[in-house]
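In: what would the 3D arrangement of this be:
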Amino acid sequence: MSLRVDWRASTSLVGTVLKYLAVTLVVPVVVAWRYGESTLPFLATAAVAVTAGIALERLDPDPNINDREGFLVVALTWLAVSIVGSLPYLIAGWGTASTLATPVNALFESMSGFTTTGATVMGDISTDRHSHALLMWRQESQWLGGMGIVVLAVAILPKLSVGGAQLMDAEAPGPGIEKLTPRIAETARALWKAYAGITLLEMLLLYGLHLSGMAPEMTLFNAVAHGFTTMATGGFSPEARSIEAFSAVVQWAIIPFMMAAGTNFALFWHVLNGDWREPFEDPEFRFYVGILGALSAVGAGLLFVDGGLASATTAPASTYPAGVDGDVIAHTFPVAGDVESALRHAAFQVVSIVTTTGYASMDFNAWSGPAQYLIVIAMFVGGSAGSTGGAIKIVRWLIVVKSIRRELFTTVHPEAVRPIRLAGRPLDDKAIRGIYVFTLLYFLLFLLGTLVLAADAAIAGTELSALEAMTACAATLGNIGPGLVGVGPMNSYLGFDPASKVVMIGLMWIGRLEILPVLVLLGRSFWRS
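Out: Predicted coordinates:
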């Protein structure tokens, strides 16, 4: 039986995306010139991207895709872009003691970047050991992956706009991207304009704080770097201590931008077109704000009562060892009874984890047990549909809650007909069933991934606690970044066995594509039926 998928058309479109990926390497090249660093890693990568892209395009000069090809294009695009994106790390680390000089580590860092996960194997993150240009490529890769590589391609490449609907549906197979305009390419451009505009606004605000003297550490380089990764809900930072390295005013300033990144970007389009009421009438947005408010309030209460530490302290600061080189970094912890500090750290960490950004305003590894459990719960919430956030997503939880309420009601009133509504519109059973299936698959993959990580650690003779394995799996599958214990916000994934890193690379890829576009490729019916 012949294949029912036009793989030539699919790989041809992947080639088109790869070819134009070379253009994005202009940013690290400019940064390299600015700081007098080598441009070779980026120019060589650009050459590879263009060559590979042209070669793949020739497989089908005039591709035509349907739904099946859309799934294949999206899955292969994210994999191919991450592989090519790993080349700057490999080339820059060639012949050095860099942790990124091995293919597995380089691919891990690249996949973590493009999928906006934020988990790192870089070890020591500083401009003393890595070039400014390489760190900026790391940041830019997250921004490119934030709104979606394929959505960007549909927005700017006429060749992909013909099958844009299939591609965008495949990239966001769940409650995904709302068609805002008659043409899907116009919708993609509208989303990217909002995304780029808010990113630029954050960069200007952060650098403005530096110029005002309120944030001396927030240089132009840091402002651009953190603007890239906030709106992408990525969490990479050129600072080893993440956002803890900056003043309290910077931490407060970043919180609303993380919230914006976790919001459905279609709402920004409605607001910019004069419909200011749309966000307040949207049930998902109200539920999203309510979840963030409730979890932040609980977290603030825990931090206010005992400072949130494993053992309560009255001292304003503590030291906590971090880094692969045995460095000891001073960390400032909230003090019991300090309202501002408790509110700031609780709100920052809850918003960061729920939106899957992964920034850290402090090392929550040192929080008390209940406060750490709050972080674990937040890891399974996720951002809104149509946002750059990962994990399960708010709208799915909203439908699950509505389903539970309906079941409770119909148990008491078995003759009643009570459809589940969202924004006043009834949802059909197929959509609800899809949400149940996704949520079940998500937890099954989480459990399976945790088991594989624990088993590999046992085989390799590596110490790995249950909490560390669980949060490492949740953080990579949900594209969150930091977990707890050895994968906490001030640590890294460097100590994992290569096999475990490969597993987590797969989890990041599957999680970013929301599971189904990858899993359908594994079925025989996709290829032949």
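
In: can you show me the strands along the protein?
Out: Secondary structure of the chain (DSSP state E): strands located at 317-321, 328-332, 421-422, 425-426.

In: need the helices for the stretch 301-450 of the chain, in chain order.
Out: In the stretch 301-450 of the chain, the helices defined using DSSP state H, counting those that start in this stretch lie at 339-354, 369-378, 394-412, 429-460.

In: pick the most buried one from those.
Out: Most buried of the helices of the stretch 301-450 of the chain, by mean neighbour count (mean count of other CB atoms under 10 Å): helix 339-354, with a mean of 24. In short, each C-beta sits where N, CA and C put it, glycine included.

In: tell me what angle it forms with helix 394-412.
Out: Put simply, helix 339-354 runs at 90 degrees to helix 394-412, going by axes from the mean of the first three to the mean of the last three CA atoms, to 10 degrees.

In: other SSEs contacting helix 339-354?
Out: Applying 3 or more CB pairs under 8 Å, 6 or more residues apart in numbering; DSSP states H and E, we find helix 339-354 packed against helix 248-261, helix 283-306, helix 369-378.

In: centre of the chain to the second one, how far?
Out: In terms of CA atoms, centre = their mean, to the nearest Å, the centre of helix 283-306 is found 21 Å from the chain centre.

In: what's the answer for the shortest one, then?
Out: Shown here is helix 369-378, whose average C-alpha point lies 20 Å from the average C-alpha point of the whole chain (CA atoms, centre = their mean).

In: what helices or strands is that helix leaning on?
Out: Using 3+ CB pairs under 8 Å, 6+ apart, the elements in contact with helix 369-378 are helix 283-306, helix 339-354, helix 466-477.

In: one more pass at 7 Å, please.
Out: Applying 3 or more CB pairs under 7 Å, 6 or more residues apart in numbering; DSSP states H and E, one finds that helix 369-378 contacts helix 283-306, helix 339-354.

In: need the contact partners of the longest one.
Out: What that stands for is helix 283-306. By CB atoms under 7 Å, 6 or more residues apart in numbering, the residues outside helix 283-306 that reach it are 259, 262-264, 267, 279, 308, 312, 334, 336-337, 339, 342-343, 345-347, 349-351, 354, 368, 370-371, 374, 378, 381, 384-385, 394-395, 398, 422-423.

In: now the angle from it to helix 394-412?
Out: Per the same axes, to 10 degrees, the angle that helix 283-306 makes with helix 394-412 is 100 degrees.

In: alpha carbons only: can I get helix 283-306 in CSV?
Out: C-alpha atoms of helix 283-306 as CSV (Å, rounded to 0.1, in the frame of the first residue of the first chain):
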residue,chain,number,x,y,z
PRO,A,283,-14.3,33.6,30.7
GLU,A,284,-10.8,32.1,30.1
PHE,A,285,-9.1,35.4,30.9
ARG,A,286,-11.2,35.9,34.1
PHE,A,287,-10.4,32.3,35.2
TYR,A,288,-6.7,32.9,34.4
VAL,A,289,-6.5,36.1,36.5
GLY,A,290,-8.4,34.4,39.3
ILE,A,291,-6.0,31.4,39.3
LEU,A,292,-3.0,33.7,39.4
GLY,A,293,-4.5,35.8,42.2
ALA,A,294,-5.5,32.8,44.3
LEU,A,295,-2.1,31.1,44.1
SER,A,296,-0.2,34.3,44.6
ALA,A,297,-2.3,35.0,47.8
VAL,A,298,-1.6,31.6,49.2
GLY,A,299,2.1,31.9,48.4
ALA,A,300,2.4,35.3,49.9
GLY,A,301,0.7,34.0,53.1
LEU,A,302,3.3,31.2,53.3
LEU,A,303,6.2,33.5,52.8
PHE,A,304,4.8,36.1,55.2
VAL,A,305,4.4,33.6,58.0
ASP,A,306,7.8,31.9,57.9
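
In: how close does Leu303 sit to Leu13?
Out: Look at Leu303 and Leu13: by CB to CB, to the nearest Å, they are 49 Å apart.

In: just Met136 next, same as before
Out: Using CB to CB, Met136 is found at 28 Å from Leu13.

In: from what I can see Ile480 touches Thr356, true?
Out: Yes - under the criterion of CB atoms under 7 Å, Ile480 makes contact with Thr356 at 4.6 Å.

In: shared neighbours, the two?
Out: In contact with both Ile480 and Thr356: Gly390, Ala391, using CB under 7 Å, 6+ apart.

In: what's the pLDDT at the residue sitting nearest the centre point of the chain?
Out: With the centre of the chain defined as its mean C-alpha position, the nearest residue by CA atoms, centre = their mean is Thr116, 3.1 Å away. Thr116 is assigned 93 on the pLDDT scale.

In: buried residues in stretch 43-59?
Out: By neighbour count on 16 or more other CB atoms under 10 Å, the buried set for stretch 43-59 is Leu43, Thr45, Ala46, Val48, Ala49, Val50, Ala52, Gly53, Leu56, Glu57, Leu59.

In: dump those residues to CSV, plus pLDDT and distance to Ala225.
Out: Formatted as CSV, the buried residues of stretch 43-59 follow (pLDDT from 0 to 100; distance: CB to CB, whole Å):
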residue, pLDDT, distance to Ala225
Leu43, 97, 21
Thr45, 97, 19
Ala46, 97, 21
Val48, 97, 25
Ala49, 96, 22
Val50, 96, 26
Ala52, 96, 28
Gly53, 95, 27
Leu56, 94, 32
Glu57, 90, 33
Leu59, 89, 37
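
In: about what we covered before: Ile254 is nearest to which of the helices and strands packed on helix 369-378?
Out: Ranking the helices and strands packed on helix 369-378 by proximity to Ile254 (CB to CB) places helix 339-354 first, at 7.5 Å.

In: any low-confidence regions in the protein?
Out: Within the chain, the stretches with pLDDT under 70 are 1-2, 148-185, 307-337, 529.

In: now do 50
Out: Applying pLDDT under 50 to the chain flags residues 156-159, 161-166, 170, 173, 310-332.
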